[in-house]
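Enquirer: Provided below are the primary sequence and the corresponding predicted coordinates.
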Amino acid sequence: MNLTDRLLQALALRGATEIFGIPGDFALPLFREIERSGQLPLHTLSHEPSVGFAADAASRLRGGLGVAAVTYGAGAFNVVNAVAAAYAERVPLVVLSGAPAAHEAASGLLLHHQVKTLDSQWRVFEELTVDRARLDDARQAPAQIARVLDAALQASRPVYLEIPRDMPARPCAEVPRPQAAPVDEQALAACADELLERLQRAERPVLMVGVEVRRYGLEQKVAELARRLGIAVVTSFMGRGLLTGTGLALRGAYLGLAGDPAVSAEVEGSDGLLLLGVIVSDTNFAVSSRRIDLRYAIQALDGRVVMGHHVYPDVPLARLIDALLERATARPGAASPTAPAATPARAQEAAGDNTPVVPADIARAVNRLMQRHGTLPVACDVGDCLFTAMDLLPTALIAPGYYAGMGYGVPAAIGLQVATGLRPIVLVGDGAFQMTGWELGNARRCGVDPIVLVFNNAGWEMLRVFEPGARFNDLDRWDFASMAAGMGGDGQAVSTGAELDAALARAHATRGRFQLIDVRLAPGACSPTLARFVGAVKRLSAG
Ligand code: TPW
Ligand code: MG
């Protein structure tokens, strides 16, 4: 077996199920070997940012590694933003990059795609990844590959492997099997004991669940823990959609002043707030009426647990949850979070009418569809679509809620469906669609048929609400509906709620081609959550 075979084996053992990529001459030997080996299917897209987003989304939804393969320089620099997003939002994304062979590097010529030095790319990726290796020696490659891939899974962050173009077909030994880092069992036990003690002392404990819980595949276990503790459970803003498959009733997502006041009061008034895998970012916490004092919270994040002045530095989340489950007994007298009182029955969503369509109609229409036909996972972009997604019924949701890079939604949906086989709904603004929407032209070849809802408001509305007087936030009204056919899908334009319902029903009934619904929003219409968010930000910055 050669180096590529061994690498693919190691990736598959760590959960990868496919590779997204765009080749180039420095990466041709790698791509040739990936195709020949057939171990992991290779899906090519049009633009490297989308390659990164698709691989990121595949990992987010199915767990395990996501894999993006690119060429040296022009390809690798093009994927930087997606890798940065994966770093910020804790996704174990593996970047495989082609590179010049050793004899080329020593030729003294400037090589095409080279920037300052041949190592410029390596140095850029140093800033975006937790571990890296250059596989220029087949004898060292197995240990390097194992170390780097295991680091990605342990830290749930991106890594970088550079593969000189004379290496992919070199004979190579097997890569060591995945290994978990050793843990100090005494420290783990002390940490779990102290954590439970603090929760038991609290009168109003609340558990907030964040994205790490999904990254480490812990949703079922965390739901079981919540049941045993009888504790109220919310998600962070970014964690919206977590635990939906567990049957546990959640209070909702915490959005501070922009969200449900009852959820905000519960979180902000808690004297025992347990943050499990919650990224402590401004998007998760900035718009609070009462700043959450994190000194009184218990935070488990990034392999560290912090409570008051105690810091336990090396406690992986998965081990912590196991240790808590071993110890947790039901709290006497505590209300079960699955008790009927905590699960308000959701009324059947109303049908759309003939008034101009607004963002809230999109949430309503998608909910109606899901009530009739079962839930669909949602891939969401940045913009009012993400605030609208907060009004969806509980369902799996992936979105760049913290890094907030536009252009994620459409390529993420392709990655999601390739990796899981589930047909996604995409929520995307017209501005974001202009960035990466064209990847839909690859849907047929990738064997996917997402349903795409474009929030077509002829502008960068999110920015317009902050800067109402500016002309630079205006876009032309593009006719996205009529472009769909040229890319191998079906397009429909709608301008009322009733038209939207009908279009969505038709789209759902049509399989095998992507479905684009071009929602021509009324000028200035925005979602209730965005309106509250903007109001809160303005109030906070004024006061
Ligand atoms: C890659 C900055 C944040 S929100 C936004 C911009 C330009 C407007 C989004 O417009 P869209 O959605 O998609 O039409 P909507 O609902 O607001 O009308 N470049 C990147 N990412 C970000 N976040 C920006 C710029 C931004
Ligand atoms: Mg827009």
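Expert: That came through, no problem. Every value quoted in this text rests on a predicted model; they were computed, and no experiment measured them. Ligands and ions are numbered 1, 2, ... in the order given.
Enquirer: Export only the CA atoms of whichever strand or helix holds Val67, formatted as CSV.
Expert: Using DSSP states H and E, Val67 maps to strand 66-70. Provided in CSV are the C-alpha atoms of strand 66-70 (Å, rounded to 0.1, in the frame of the first residue of the first chain):
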residue,chain,number,x,y,z
GLY,A,66,-14.1,16.4,7.6
VAL,A,67,-11.6,16.4,4.7
ALA,A,68,-10.7,19.2,2.2
ALA,A,69,-8.1,18.5,-0.5
VAL,A,70,-6.6,21.5,-2.4
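Enquirer: That one pairs with which strands?
Expert: Partners of strand 66-70 in the sheet, by DSSP bridges, are strand 19-21 (parallel), strand 93-99 (parallel).
Enquirer: List the buried residues for it?
Expert: 66-70 (16 or more other Cβ atoms under 10 Å). Quick note: C-beta positions are derived from backbone N, CA and C, even for glycine.
Enquirer: of the strands paired with strand 66-70, which approaches Glu197 most closely?
Expert: Taking Cβ to Cβ, strand 93-99 is the member of the strands paired with strand 66-70 nearest to Glu197, at 37.6 Å.
Enquirer: Check the offset of the closest one from the chain's centre.
Expert: 20 Å (Cα atoms, centre = their mean, to the nearest Å).
Enquirer: going on from that strand, what's the next piece of helix or strand?
Expert: Counting by DSSP H and E, what follows strand 93-99 is helix 102-105.
Enquirer: Which residues does that next one contact?
Expert: 111, 118, 136, 164-166 (Cβ atoms under 8 Å, 6 or more residues apart in numbering).
Enquirer: Using CSV, please lay out the buried residues of strand 66-70 together with distance to ligand 1.
Expert: Putting these into CSV (distance: Cβ to the nearest ligand atom, whole Å) gives the following:
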residue, distance to ligand 1
Gly66, 20
Val67, 23
Ala68, 17
Ala69, 22
Val70, 19
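Enquirer: By mean pLDDT, point me to the weakest helix or strand of this structure.
Expert: When the helices and strands of the chain are scored by mean pLDDT, DSSP states H and E, helix 282-285 comes last with a mean of 75.
Enquirer: State the distance from the residue nearest to Ala458 when sequence neighbours are not counted to Asp490.
Expert: Take Ala458 and drop its neighbours on the chain: the residue closest to it by Cβ to Cβ, 6 or more residues apart in numbering is Arg477, 4.3 Å away. To Asp490, Arg477 is 20 Å away according to Cβ to Cβ, to the nearest Å.
Enquirer: Look at the two and report which has more neighbours.
Expert: In terms of neighbours (other Cβ atoms under 10 Å), Asp490 is the more surrounded of Arg477 and Asp490; the figures are 17 against 14.
Enquirer: coming back round to it: dump the C-alpha coordinates for the least confident helix or strand of the chain into CSV.
Expert: The C-alpha trace of helix 282-285 is given here as CSV (Å, rounded to 0.1, in the frame of the first residue of the first chain):
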residue,chain,number,x,y,z
ASP,A,282,-20.2,37.8,21.9
THR,A,283,-22.8,36.2,19.6
ASN,A,284,-23.7,33.8,22.5
PHE,A,285,-23.6,36.3,25.3
